[in-house]
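**Student:** kindly generate the corresponding structure for this input.
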Amino acid sequence: MKDFDLRDLSAFVAIARARNFRRAATEQGVSVSSLSQRLRDMEERLGVRLMNRTTRSVALTEAGELLLARVVPAISDVGEAIDQVRGLRGVPSGRLRINAPPPAIDLVLAPMVAPFLQKHPKIDLEIVGESSFVDIVAAGFDAGVRYGEHLAQDMIAVSLGAPQRYAVVASKEYVARHGGPDAPKDLLDHACIRTRFGSGAMLDWEFEKAGRVVKVSPPAKLIATYLGLALRAVHDGVGFWMTFEGYVRYGIKSGALVSVLDDWCAPFPGPFLYYPSRRQPPPALAAFVAFVAEWRKRESRKSR
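**Tutor:** Numbers count the residues shown, from 1 in each chain. Below you'll find the predicted structure:
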(Lines give C-alpha, C1' and ligand atoms only; values in the text may rest on other atoms or scores of the structure.)
Protein backbone atom coordinates (compact mmCIF):
# COMPACT_ATOMS: atom_id res chain seq x y z
CA MET A 1 0.00 0.00 0.00
CA LYS A 2 2.95 2.35 0.61
CA ASP A 3 3.50 2.46 -3.18
CA PHE A 4 0.04 3.99 -3.74
CA ASP A 5 -1.85 7.00 -2.49
CA LEU A 6 -5.52 7.91 -2.54
CA ARG A 7 -5.08 9.91 -5.76
CA ASP A 8 -3.96 6.77 -7.59
CA LEU A 9 -7.01 4.83 -6.48
CA SER A 10 -9.39 7.73 -7.11
CA ALA A 11 -8.01 8.10 -10.63
CA PHE A 12 -8.46 4.37 -11.29
CA VAL A 13 -12.07 4.45 -10.02
CA ALA A 14 -12.88 7.53 -12.11
CA ILE A 15 -11.63 5.85 -15.30
CA ALA A 16 -13.41 2.59 -14.46
CA ARG A 17 -16.73 4.38 -13.93
CA ALA A 18 -16.51 6.65 -16.96
CA ARG A 19 -14.96 4.04 -19.30
CA ASN A 20 -13.47 7.10 -20.95
CA PHE A 21 -10.21 8.90 -20.17
CA ARG A 22 -11.42 12.35 -21.23
CA ARG A 23 -14.54 12.26 -19.04
CA ALA A 24 -12.55 10.86 -16.12
CA ALA A 25 -9.88 13.55 -16.51
CA THR A 26 -12.54 16.26 -16.45
CA GLU A 27 -14.03 14.78 -13.28
CA GLN A 28 -10.58 14.62 -11.64
CA GLY A 29 -9.56 18.08 -12.81
CA VAL A 30 -6.39 16.85 -14.52
CA SER A 31 -5.16 16.38 -18.06
CA VAL A 32 -5.83 13.20 -20.03
CA SER A 33 -2.10 12.54 -20.37
CA SER A 34 -1.42 12.79 -16.63
CA LEU A 35 -4.37 10.50 -15.84
CA SER A 36 -3.19 7.95 -18.40
CA GLN A 37 0.34 8.08 -16.97
CA ARG A 38 -0.97 7.57 -13.43
CA LEU A 39 -2.78 4.41 -14.55
CA ARG A 40 0.31 3.09 -16.35
CA ASP A 41 2.42 3.70 -13.24
CA MET A 42 -0.12 1.80 -11.13
CA GLU A 43 -0.06 -1.16 -13.49
CA GLU A 44 3.74 -1.22 -13.50
CA ARG A 45 3.92 -1.20 -9.71
CA LEU A 46 1.25 -3.92 -9.44
CA GLY A 47 2.70 -6.02 -12.24
CA VAL A 48 -0.74 -6.62 -13.83
CA ARG A 49 -2.87 -4.86 -16.42
CA LEU A 50 -5.97 -3.28 -14.91
CA MET A 51 -7.60 -2.08 -18.12
CA ASN A 52 -7.60 -2.88 -21.80
CA ARG A 53 -7.85 0.32 -23.78
CA THR A 54 -8.11 1.22 -27.43
CA THR A 55 -8.62 4.58 -29.09
CA ARG A 56 -12.38 4.10 -28.67
CA SER A 57 -12.99 2.07 -25.53
CA VAL A 58 -11.79 1.19 -22.05
CA ALA A 59 -12.59 -2.19 -20.47
CA LEU A 60 -11.60 -3.59 -17.08
CA THR A 61 -9.55 -6.77 -16.92
CA GLU A 62 -10.33 -9.43 -14.32
CA ALA A 63 -7.73 -7.82 -12.04
CA GLY A 64 -9.31 -4.42 -12.64
CA GLU A 65 -12.77 -5.72 -11.76
CA LEU A 66 -11.43 -7.22 -8.54
CA LEU A 67 -9.64 -4.01 -7.54
CA LEU A 68 -12.68 -1.86 -8.35
CA ALA A 69 -15.01 -4.03 -6.24
CA ARG A 70 -12.71 -3.71 -3.21
CA VAL A 71 -11.61 -0.11 -3.63
CA VAL A 72 -14.98 1.65 -4.16
CA PRO A 73 -16.36 0.93 -0.65
CA ALA A 74 -13.00 1.84 0.89
CA ILE A 75 -12.82 5.20 -0.88
CA SER A 76 -16.44 5.86 0.07
CA ASP A 77 -15.59 5.18 3.73
CA VAL A 78 -12.60 7.52 3.57
CA GLY A 79 -14.71 10.26 1.97
CA GLU A 80 -17.39 9.89 4.63
CA ALA A 81 -14.80 10.01 7.40
CA ILE A 82 -13.36 13.24 6.01
CA ASP A 83 -16.84 14.74 5.61
CA GLN A 84 -17.74 13.84 9.19
CA VAL A 85 -14.52 15.40 10.52
CA ARG A 86 -15.26 18.54 8.51
CA GLY A 87 -18.74 18.50 9.98
CA LEU A 88 -17.23 18.95 13.44
CA ARG A 89 -16.59 22.55 12.46
CA GLY A 90 -20.35 23.06 12.72
CA VAL A 91 -20.74 24.16 9.09
CA PRO A 92 -21.73 21.40 6.59
CA SER A 93 -19.30 21.35 3.68
CA GLY A 94 -18.02 19.20 0.85
CA ARG A 95 -19.52 17.86 -2.36
CA LEU A 96 -22.99 16.31 -2.43
CA ARG A 97 -23.67 14.06 -5.46
CA ILE A 98 -27.26 13.07 -6.27
CA ASN A 99 -28.53 10.87 -9.12
CA ALA A 100 -32.12 11.49 -10.23
CA PRO A 101 -34.47 11.00 -13.19
CA PRO A 102 -34.99 14.17 -15.27
CA PRO A 103 -38.68 14.73 -14.29
CA ALA A 104 -37.76 14.67 -10.60
CA ILE A 105 -34.97 17.17 -11.29
CA ASP A 106 -37.13 19.50 -13.38
CA LEU A 107 -40.27 19.45 -11.26
CA VAL A 108 -39.07 18.79 -7.71
CA LEU A 109 -35.33 19.32 -7.17
CA ALA A 110 -34.71 22.36 -9.37
CA PRO A 111 -36.68 24.83 -7.20
CA MET A 112 -34.73 23.65 -4.14
CA VAL A 113 -31.23 24.13 -5.55
CA ALA A 114 -30.69 27.89 -5.14
CA PRO A 115 -32.27 28.14 -1.64
CA PHE A 116 -30.26 25.12 -0.44
CA LEU A 117 -26.94 26.46 -1.75
CA GLN A 118 -27.69 29.90 -0.30
CA LYS A 119 -28.30 28.33 3.09
CA HIS A 120 -25.18 26.11 2.86
CA PRO A 121 -22.50 28.04 0.93
CA LYS A 122 -19.77 25.55 1.88
CA ILE A 123 -21.53 22.69 0.06
CA ASP A 124 -20.95 21.99 -3.64
CA LEU A 125 -23.89 20.22 -5.25
CA GLU A 126 -23.76 17.88 -8.24
CA ILE A 127 -27.03 16.50 -9.66
CA VAL A 128 -26.81 13.94 -12.46
CA GLY A 129 -29.91 13.26 -14.55
CA GLU A 130 -30.38 9.61 -15.46
CA SER A 131 -33.52 7.62 -16.20
CA SER A 132 -31.96 4.15 -15.89
CA PHE A 133 -31.50 2.47 -12.52
CA VAL A 134 -28.11 3.10 -10.93
CA ASP A 135 -26.25 1.52 -8.03
CA ILE A 136 -25.62 4.82 -6.27
CA VAL A 137 -22.93 3.40 -3.99
CA ALA A 138 -20.92 1.79 -6.78
CA ALA A 139 -21.34 4.89 -8.96
CA GLY A 140 -20.09 7.22 -6.23
CA PHE A 141 -23.32 9.07 -5.41
CA ASP A 142 -24.29 10.13 -1.91
CA ALA A 143 -27.99 9.72 -2.66
CA GLY A 144 -30.43 8.97 -5.42
CA VAL A 145 -33.97 9.99 -6.31
CA ARG A 146 -36.53 7.46 -7.51
CA TYR A 147 -40.19 6.66 -7.19
CA GLY A 148 -41.37 4.33 -4.43
CA GLU A 149 -41.79 1.14 -6.44
CA HIS A 150 -38.12 1.22 -7.44
CA LEU A 151 -36.49 1.62 -4.02
CA ALA A 152 -34.24 -1.08 -2.58
CA GLN A 153 -35.11 -2.51 0.82
CA ASP A 154 -31.84 -1.47 2.48
CA MET A 155 -32.27 2.23 1.69
CA ILE A 156 -33.57 5.07 3.83
CA ALA A 157 -36.23 6.93 1.83
CA VAL A 158 -37.33 10.53 2.38
CA SER A 159 -40.31 11.94 0.50
CA LEU A 160 -39.38 14.97 -1.61
CA GLY A 161 -42.84 16.37 -2.19
CA ALA A 162 -46.53 16.09 -2.76
CA PRO A 163 -48.24 13.47 -4.96
CA GLN A 164 -47.91 13.88 -8.72
CA ARG A 165 -50.04 12.80 -11.66
CA TYR A 166 -49.77 12.30 -15.39
CA ALA A 167 -51.74 14.31 -17.91
CA VAL A 168 -52.68 13.49 -21.50
CA VAL A 169 -52.69 16.65 -23.59
CA ALA A 170 -52.87 17.90 -27.16
CA SER A 171 -53.00 21.35 -28.68
CA LYS A 172 -56.42 22.99 -28.93
CA GLU A 173 -55.96 22.99 -32.74
CA TYR A 174 -55.39 19.22 -32.83
CA VAL A 175 -58.46 18.57 -30.68
CA ALA A 176 -60.54 20.92 -32.85
CA ARG A 177 -59.55 18.94 -35.96
CA HIS A 178 -59.58 15.39 -34.61
CA GLY A 179 -61.59 15.40 -31.40
CA GLY A 180 -60.50 13.78 -28.16
CA PRO A 181 -60.70 10.33 -26.57
CA ASP A 182 -63.53 9.30 -24.27
CA ALA A 183 -61.60 6.28 -22.96
CA PRO A 184 -57.92 5.24 -23.02
CA LYS A 185 -58.43 2.76 -25.91
CA ASP A 186 -59.61 5.65 -28.12
CA LEU A 187 -56.01 6.89 -28.19
CA LEU A 188 -55.26 4.01 -30.58
CA ASP A 189 -57.05 6.07 -33.26
CA HIS A 190 -54.99 9.22 -32.67
CA ALA A 191 -51.50 10.45 -33.49
CA CYS A 192 -49.39 10.33 -30.32
CA ILE A 193 -46.02 11.48 -29.08
CA ARG A 194 -44.12 8.68 -27.34
CA THR A 195 -40.92 8.58 -25.28
CA ARG A 196 -38.11 6.07 -25.74
CA PHE A 197 -35.77 5.66 -22.77
CA GLY A 198 -32.03 5.15 -22.89
CA SER A 199 -32.54 1.41 -22.40
CA GLY A 200 -34.51 1.31 -25.65
CA ALA A 201 -37.82 0.69 -23.87
CA MET A 202 -40.97 2.55 -24.86
CA LEU A 203 -43.44 2.10 -22.03
CA ASP A 204 -47.18 1.60 -22.42
CA TRP A 205 -49.42 4.41 -21.24
CA GLU A 206 -51.06 3.29 -18.00
CA PHE A 207 -54.38 4.56 -16.72
CA GLU A 208 -56.38 3.85 -13.56
CA LYS A 209 -59.99 4.52 -12.63
CA ALA A 210 -62.02 3.06 -9.75
CA GLY A 211 -59.38 0.39 -9.19
CA ARG A 212 -59.32 -0.66 -12.84
CA VAL A 213 -55.94 -0.43 -14.61
CA VAL A 214 -55.77 -0.08 -18.39
CA LYS A 215 -52.59 -0.05 -20.49
CA VAL A 216 -52.46 1.07 -24.10
CA SER A 217 -49.66 1.34 -26.64
CA PRO A 218 -50.84 4.10 -28.97
CA PRO A 219 -49.36 4.68 -32.43
CA ALA A 220 -46.29 6.91 -32.33
CA LYS A 221 -46.40 9.74 -34.83
CA LEU A 222 -43.28 11.03 -33.08
CA ILE A 223 -40.83 9.19 -30.82
CA ALA A 224 -38.70 11.55 -28.74
CA THR A 225 -35.93 10.93 -26.23
CA TYR A 226 -35.60 14.65 -25.54
CA LEU A 227 -38.30 16.29 -23.43
CA GLY A 228 -37.99 19.68 -25.08
CA LEU A 229 -38.79 18.19 -28.48
CA ALA A 230 -41.91 16.44 -27.19
CA LEU A 231 -43.11 19.61 -25.47
CA ARG A 232 -42.63 21.67 -28.63
CA ALA A 233 -44.33 19.00 -30.74
CA VAL A 234 -47.45 18.83 -28.59
CA HIS A 235 -47.83 22.61 -28.73
CA ASP A 236 -47.35 22.46 -32.51
CA GLY A 237 -50.26 20.03 -32.89
CA VAL A 238 -48.44 16.76 -33.63
CA GLY A 239 -50.76 14.72 -31.40
CA PHE A 240 -51.48 13.59 -27.85
CA TRP A 241 -48.70 13.36 -25.28
CA MET A 242 -48.78 11.67 -21.88
CA THR A 243 -46.38 13.31 -19.45
CA PHE A 244 -46.03 14.63 -15.90
CA GLU A 245 -48.70 17.26 -15.33
CA GLY A 246 -46.04 19.67 -14.10
CA TYR A 247 -44.57 19.98 -17.58
CA VAL A 248 -47.86 21.07 -19.17
CA ARG A 249 -49.69 22.83 -16.34
CA TYR A 250 -49.02 26.28 -17.76
CA GLY A 251 -50.09 25.23 -21.25
CA ILE A 252 -53.37 23.84 -19.89
CA LYS A 253 -54.02 26.95 -17.81
CA SER A 254 -53.33 29.25 -20.76
CA GLY A 255 -55.67 27.27 -23.03
CA ALA A 256 -52.94 26.34 -25.50
CA LEU A 257 -53.24 22.68 -24.49
CA VAL A 258 -56.33 20.59 -23.82
CA SER A 259 -56.19 17.93 -21.10
CA VAL A 260 -58.20 14.74 -21.68
CA LEU A 261 -58.99 11.58 -19.68
CA ASP A 262 -58.44 13.45 -16.40
CA ASP A 263 -60.60 10.95 -14.50
CA TRP A 264 -58.26 8.17 -15.69
CA CYS A 265 -55.08 9.90 -14.45
CA ALA A 266 -54.90 9.07 -10.74
CA PRO A 267 -52.39 10.78 -8.42
CA PHE A 268 -49.36 8.79 -7.28
CA PRO A 269 -46.70 9.43 -4.61
CA GLY A 270 -43.98 11.89 -5.56
CA PRO A 271 -40.30 10.95 -5.74
CA PHE A 272 -38.17 9.92 -2.79
CA LEU A 273 -34.61 10.79 -1.87
CA TYR A 274 -32.85 7.60 -0.84
CA TYR A 275 -29.46 6.70 0.59
CA PRO A 276 -27.82 3.65 2.26
CA SER A 277 -29.10 2.82 5.71
CA ARG A 278 -25.91 1.11 6.82
CA ARG A 279 -23.89 4.31 7.12
CA GLN A 280 -24.14 7.62 8.91
CA PRO A 281 -24.99 10.18 6.22
CA PRO A 282 -22.17 12.66 5.54
CA PRO A 283 -22.80 16.21 6.78
CA ALA A 284 -23.69 17.58 3.33
CA LEU A 285 -26.34 14.89 2.83
CA ALA A 286 -27.66 15.30 6.38
CA ALA A 287 -27.99 19.03 5.69
CA PHE A 288 -29.95 18.34 2.51
CA VAL A 289 -32.29 15.89 4.26
CA ALA A 290 -33.00 18.52 6.93
CA PHE A 291 -33.53 21.15 4.23
CA VAL A 292 -36.04 18.91 2.43
CA ALA A 293 -38.04 18.49 5.64
CA GLU A 294 -38.19 22.28 6.08
CA TRP A 295 -39.06 22.79 2.41
CA ARG A 296 -41.94 20.34 2.57
CA LYS A 297 -43.37 22.09 5.63
CA ARG A 298 -43.27 25.46 3.85
CA GLU A 299 -44.84 24.05 0.69
CA SER A 300 -47.56 22.35 2.74
CA ARG A 301 -48.43 25.66 4.44
CA LYS A 302 -48.61 27.41 1.02
CA SER A 303 -51.08 24.85 -0.33
CA ARG A 304 -53.56 25.27 2.53
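
**Student:** quick one: name whatever helix or strand follows the lowest-mean-pLDDT helix or strand in the chain.
**Tutor:** Lowest mean confidence among the helices and strands of the chain (mean pLDDT, DSSP states H and E): helix 62-87, at a mean of 76. Note on helix 62-87: by DSSP states H and E, the next helix or strand toward the C-terminus is strand 94-100.

**Student:** that following strand: which residues count as buried?
**Tutor:** Within strand 94-100, the residues that count as buried by 16 or more other C-beta atoms under 10 Å are Gly94, Leu96, Arg97, Ile98, Asn99, Ala100. Any C-beta I mention is one placed from the backbone N, CA and C, and that applies to glycine too.

**Student:** can you pull the contacts of the fifth one?
**Tutor:** Contacts of Asn99 were listed using C-beta atoms under 8 Å, 6 or more residues apart in numbering, and they are Ile127, Val128, Glu130, Val134, Ile136, Ala139, Phe141, Ala143, Gly144, Val145.

**Student:** for it, give its distance to Ala138.
**Tutor:** 11 Å (C-beta to C-beta, to the nearest Å).

**Student:** how about the spatially most central residue of the chain, what does it touch?
**Tutor:** Residue closest to the average C-alpha location in the chain (C-alpha atoms, centre = their mean): Ala100, at 1.8 Å. By C-beta under 8 Å, 6+ apart, the contact list for Ala100 reads Leu109, Ile127, Val128, Gly129, Glu130, Gly144, Val145, Arg146, Pro271.

**Student:** can you tell me the element the third one falls in?
**Tutor:** What it means is Val128. strand 123-129.

**Student:** packing partners for that strand?
**Tutor:** strand 94-100, helix 110-119, helix 283-303 (3 or more C-beta pairs under 8 Å, 6 or more residues apart in numbering; DSSP states H and E).

**Student:** need those in CSV (columns: distance to Val48 and mean pLDDT).
**Tutor:** CSV is the format used below for the helices and strands packed on strand 123-129 (distance: least, C-beta to C-beta, whole Å; pLDDT from 0 to 100):
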stretch, distance to Val48, mean pLDDT
strand 94-100, 30, 93
helix 110-119, 43, 96
helix 283-303, 36, 87
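
**Student:** let me have the ones you listed in TSV, extended by distance to Phe12.
**Tutor:** TSV is the format used below for the helices and strands packed on strand 123-129 (distance: least, C-beta to C-beta, whole Å):
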stretch	distance to Phe12
strand 94-100	18
helix 110-119	31
helix 283-303	24
